[in-house]
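# Test case, fold it:
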Amino acid sequence: MNVYRCETCGNEIFERRAVCPGCLDERFVEVESGEPEPFVSSMLTVTPAGFEDSYELIIGTLGKTKAIYRRV
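Modelled structure (predicted):
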């Protein structure tokens, strides 16, 4: 998985943003962060129409940031 690293302060974020929340710079570089390291997970078994019957949502560490993602 990839994260976006601010070229000025090195702050990493999971989703692309217009400005860095740390220093307000607008320059990011996309970097490979490796496999996420989960620390909380929840299996959703009641899902809205149009979604799979069940799937697992995970909050984990991705590089130097935290992310919410779905285990595939």
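
# contacting residues around E12?
By C-beta atoms under 8 Å, 6 or more residues apart in numbering, the contact list for E12 reads V3, Y4, R5, C6, V31, S33, G63, K64, T65. C-beta coordinates here come from the backbone N, C-alpha and C atoms, glycine included.

# how about 7 Å then?
V3, Y4, R5, G63, K64, T65 (C-beta atoms under 7 Å, 6 or more residues apart in numbering).

# same thing with R71?
Taking C-beta under 7 Å, 6+ apart, one finds E56, I58 in contact with R71.

# For K64, which non-adjacent residue is spatially closest?
E12 (4.4 Å; C-beta to C-beta, 6 or more residues apart in numbering).

# The one you found bridge partners, please.
According to DSSP bridges, the partner residues bridging E12 are R5.

# again, but for G60
Judged by DSSP bridges, the bridge partners of G60 are P38, A67.

# What distance do you get for it to I68?
Computed as C-beta to C-beta, to the nearest Å, the G60 to I68 distance reads 8 Å.

# So for the two, which sits in the more crowded spot?
G60 (18 against 12; other C-beta atoms under 10 Å).
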